[in-house]
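> Okay, predicted coordinates and the sequence, questions at the end:
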Amino acid sequence: MSIPGNNIITVSTCSLNQWALDFDGNLERIKESCRLAKDRDQATYRLGPELEICGYGCEDHFLEIDTMNHSWQSLIELLIDSQTTRNLLCDFGMPLMGNDGCFYNCRILAMNHCILLIRPKTSMADNGNYRESRYFTAYTGTENSLFTIPIWVRDILSKNDLTKNHPHTVPFGISSSCIRTSDDILIGCESCEELWTPQSSHIALSLKGCDIIGNGSGSHHELRKLNKRIELIQSATSKSGGLYLYSNQCGCDGGRLYYDGSSLIVLNGQILKQSKQFSLCDVEVISATVDLDEIRSFRSSIPSFGIQVQQQKLSGSDNSNIVDVPDHVRLLSSTRNKKLNKSIDVHYHLPEEECCFGPACWLWDYLRRSGASGYLLPLSGGADSSAVATIVMAMCTLLYDEISANVNGLTVDTDSDDPDQQVLNDLRRICGYDVATKESKLLWVPESSQDIANHILHTVFMGTVNSSDITASRAKRLGNAIGSYHLTVPIDLMVNAVIKVFTLATSSFGNGGLIPQFLVNGGTLSEDLALQNIQARLRMVTAYLFAQLLPWVRNHSSNSSTAGISTGKCGTSFLLVLGSANVDEGLRGYMTKYDCSSADLNPIGSISKQDLKAMLVWASSNSKYELASNVLAEIANAPPTAELPAQAAEHSQLDEEEMGMSYEELGWFGKLRKLNRCGPVSMYKRLVDEWSHLHSPNEVAVKVKRFFYYYSINRHKMCTITPSYHAEGYSPDDNRYDLRPFLYNTKWTRQFYTIDLMVKQYENENEQEEKVIKQNQFLER
Ligand SMILES: Nc1ncnc2c1ncn2[C@@H]1O[C@H](COP(=O)(O)OP(=O)(O)OC[C@H]2O[C@@H]([n+]3cccc(C(=O)O)c3)[C@H](O)[C@@H]2O)[C@@H](O)[C@H]1O
Ligand SMILES: Nc1ncnc2c1ncn2[C@@H]1O[C@H](COP(=O)(O)OP(=O)(O)OP(=O)(O)O)[C@@H](O)[C@H]1O
Ligand SMILES: NC(=O)CC[C@H](N)C(=O)O
């Protein structure tokens with residue numbers, strides 16, 4: 001008796017830390033992922049992220065012909081490389097100019113040096129941070145066509161003796177096109193956004209019998225977004241069956257976004273493999289071995305699925321656009337004794353962990369790619385700057401864990417090419433330890449996360465007479481617990497000097513010049529604000545001074561623990577200044593323009609005060625950060641204050657009182673304004689209802705008007721706000737995400753008048769209601 005053939009296949013997907021326009025680095029990472037898929041995991045199919053060849057975040061560089069040409073150069077390298085596509089079906093992501101002159105965002109299926117199918121994306125991502133239609137045309141073809149490969153590409157392929165495999169034209173597919181391998185596996189593509197649309201590509205593909213669908217994505221992190229992604233992927237395959245692979249970029253590829261990996265392999269709605277969401281690894285490949293018979297049997301067990309297959313056939317779009325590929329394209333395993341993967345539980349991080357690890361990984365990528373020697377943080381001992389310090393602490397802990405997992409003992413004496421040692425190599429380069437000294441051939445290996453922090457994090461408390469000892473002490477204790485290089489720098493001399501300059505300049509007004517005073521000392525509001533702002537802005541100037549000179553200072557220091565500060569490529573070295581304005585301050589404008597909210601990077605600019613506090617509480621009880629536990633708990637529980645007026649006792653000036661609204665209320669305003677697209681009137685309508693148990697209609701009107709007033713007088717501050725990590729959909733970032741004018745009529749006459757009319761209506765209705773209640777009570781008596 002003959003034995004039926006087996007339908008076992010091993011497939012791989014990956015998360016790659018690509019960098020926009022870093023064609024060489026991107027190519028190396030792609031090759032490494034193919035090597036791991038094939039040699040480590042014995043896979044015959046490998047999926048990569050969207051636009052992996054040039055990096056997803058090229059933005060307007062996608063409009064440059066150079067980007068298309070450099071991408072072709074990389075694809076040629078991948079095709080002619082003797083190993084990469086050999087016996088491995090690769091699904092690459094790359095931009096390409098069609099023969100019709102339009103630019104397309106494409107998937108390229110290739111195997112054994114040969115392109116099998118080019119599949120352009122059909123639904124562009126254009127919401128929020130995405131602007132794909134600005135660079136690409138959504139492909140609307142209804143039948144597969146042929147694409148003529150550019151002549152210069154053909155010439156190179158032929159020089160490398162690959163033309164015998166390579167026709168001049170290759171199929172250019174529509175959304176539901178797929179390839180049929182010679183071992184009868186149907187493989188199709190769905191590009192990122194196509195999964196998120198109502199008529200997803202996977203529906204037609206599944207009804208066509210497609211076994212494997214690869215989704216190459218460029219999807220950035222937002223708190224709790226992974227849940228949505230997984231829900232979509234699971235529901236796709238639990239309804240239609242199939243083996244669905246999801247590949248996402250990871251890391252910071254040159255902008256405010258962090259791509260959060262989490263690549264997946266899902267079979268019939270069951271997760272088989274999941275890659276990390278927050279990883280320091282540049283190339284992470286996950287693979288699974290499955291029996292394709294499970295898909296066929298799953299589908300045949302759903303009669304309604306079969307009915308829809310028939311309906312699709314009747315509509316004439318079933319067998320068309322399936323590309324039969326050459327005989328060498330075979331993917332099934334030659335052996336049966338491969339272990340099949342079983343379903344696993346999905347791993348979700350806590351929201352507090354997402355808040356911390358996303359920005360931590362983003363900061364690491366930014367640091368290692370920027371050429372800087374570390375970070376400098378103005379640390380006030382308050383919740384916001386301490387939250388930023390906590391994120392850097394988490395970064396150092398992630399680095400230390402990664403290094404410890406990959407380095408055996410402390411005896412590593414060479415700069416290894418081993419990709420597992422990449423984090424250590426990057427860290428050594430940043431810290432200036434990348435060359436063995438004459439005295440020692442041993443290269444530095446950090447002894448703890450504090451050891452790492454001591455090299456790359458610098459914290460500075462810049463006190464004035466208005467600062468309290470308690471905040472200075474909190475900043476110092478937190479700096480010590482993290483291991484940062486901490487300084488306490490009094491800045492009264494500078495503040496007094498600036499006031500003196502002003503007094504001299506106004507000496508013609510008599511009395512030897514004007515001296516502005518705080519309100520508590522009898523000054524006007526303008527004087528008070530001016531004094532607050534001098535103090536705040538001088539901190540920014542001082543922060544930049546120290547960021548420029550601390551590497552130099554530390555190189556002059558005899559302390560051996562500080563000897564590792566790099567002097568950088570061109571002889572200079574610098575620290576990146578971290579800002580710590582949270583989302584609520586930005587929205588309400590409760591911050592001084594060009595104070596320490598102006599910096600090089602801000603990891604918390606789209607995170608609310610309440611989420612930050614929750615993160616501090618979480619960190620304070622996490623055993624990994626034990627040394628900082630007490631001080632973090634203390635900071636999380638202290639009421640927010642700017643420590644501004646003179647002779648202030650601790651907490652004499654409280655932010656929420658001064659802002660005229662609580663952080664909780666700001667959270668409501670921020671979410672309704674952006675996520676629910678509310679203008680003043682819609683916001684009022686929502687809040688009258690939400691807060692009916694707390695406030696009268698008139699009180700709600702006052703609150704909403706106050707918010708819109710402050711929002712609009714301060715919107716200009718968002719134009720110059722420091723680039724910040726995009727963590728939340730309610731981010732007010734004016735530069736890329738929350739596009740609004742910055743000069744408003746702050747009277748909002750039509751809007752506020754309408755609200756006033758509504759207040760009257762609510763009050764009348766309430767009066768009527770009360771009358772009816774009273775009458776009923778009277779009648780009951
Ligand atoms: N429409 C417009 N377009 C462009 N620019 C405009 C503008 N209107 C004003 N400006 C500019 O903005 C300036 C006013 O802004 P700015 O200098 O920032 O000053 P301002 O907003 O007046 O004051 C700073 C605010 O932040 C608060 N604060 C200070 C310090 C710490 C904290 C804390 O977080 O704890 C809070 C403080 O209580 C006050 O409410 C004007 O002098 C003008 O230069
Ligand atoms: N005494 C200080 N020393 C160092 N930096 C300071 C000091 N005071 C303020 N800063 C910096 O200026 C930023 C804005 O100051 P502000 O007084 O508005 O505090 P905040 O927004 O409440 O933040 P935090 O919670 O960190 O105090 C702070 O986040 C911090 O980076
Ligand atoms: N690149 C894309 O198409 C991304 C779109 C999708 N909505 C996401 O956020 O994942």
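Received, thanks. Ligands and ions are numbered 1, 2, ... in the order given.
> The helix or strand hosting residue 110 packs against which elements?
Assigned by DSSP states H and E, residue 110 belongs to strand 103-111. Applying 3 or more C-beta pairs under 8 Å, 6 or more residues apart in numbering; DSSP states H and E, one finds that strand 103-111 makes contact with helix 65-80, strand 89-97, strand 114-120, helix 132-135, strand 186-191. Bear in mind the C-beta positions are built from the backbone N, C-alpha and C, glycine included.
> centre of the chain versus the shortest one, how much separation?
Yep, that's helix 132-135 we're talking about. Average the C-alpha atoms of helix 132-135, do the same for its chain, and the two points are 20 Å apart (C-alpha atoms, centre = their mean, to the nearest Å).
> What's the mean pLDDT across it?
Here helix 132-135 scores 98 as its mean pLDDT.
> same thing with the third one?
Taken as a whole, strand 114-120 has an average pLDDT of 96.
> quick one: is the strand holding residue 110 near ligand 3?
No: judged by C-beta under 6 Å from any ligand atom, strand 103-111 stays clear of ligand 3, getting no closer than 8.5 Å.
> Using CSV, write out every CA atom in that strand.
What follows is strand 103-111, C-alpha atoms only, in CSV (Å, rounded to 0.1, in the frame of the first residue of the first chain):
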residue,chain,number,x,y,z
PHE,A,103,5.0,54.5,-7.2
TYR,A,104,3.8,51.4,-5.4
ASN,A,105,4.3,49.9,-2.0
CYS,A,106,5.1,46.2,-2.9
ARG,A,107,5.6,42.7,-1.8
ILE,A,108,8.2,40.8,-3.8
LEU,A,109,7.9,37.0,-3.7
ALA,A,110,11.3,35.5,-4.8
MET,A,111,13.0,32.1,-4.6
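> That strand vs helix 65-80, what angle?
10 degrees (axes from the mean of the first three to the mean of the last three C-alpha atoms, to 10 degrees).
> and strand 103-111, how far from the chain's centre?
Using C-alpha atoms, centre = their mean, the offset of strand 103-111 from its chain centre is 25 Å.
> just the helices and strands packed on strand 103-111: most buried one?
Highest mean neighbour count among the helices and strands packed on strand 103-111 (mean count of other C-beta atoms under 10 Å): strand 186-191, with a mean of 28.
> which parts of this structure sit against ligand 3?
50, 125, 130, 192-193, 196, 217-219.
> Mind checking what secondary structure residue 14 has?
strand (DSSP: H, G, I helix; E, B strand; the rest coil).
> pretty sure it contacts residue 43?
No: applying C-beta atoms under 8 Å, one finds residue 14 not in contact with residue 43, separated by 10.3 Å.
> Which neighbours do those two have in common?
Common contacts of residue 14 and residue 43 (C-beta atoms under 8 Å, 6 or more residues apart in numbering): residue 37.
> neighbour-wise, which of these two wins?
In terms of neighbours (other C-beta atoms under 10 Å), residue 14 is the more surrounded of residue 14 and residue 43; the figures are 30 against 27.
> who's in contact with the more buried one?
Residue 14 touches 33, 36-37, 46-49, 247, 263, 275, 283-286, counting by C-beta under 8 Å, 6+ apart.
> Narrow these to those in strands?
46-47, 247, 283-286 (DSSP state E).
> Out of those residues, which is nearest to ligand 1?
residue 284 (39.5 Å; C-beta to the nearest ligand atom).
> Now do the closest one against residue 195, distance only.
21 Å (C-beta to C-beta, to the nearest Å).
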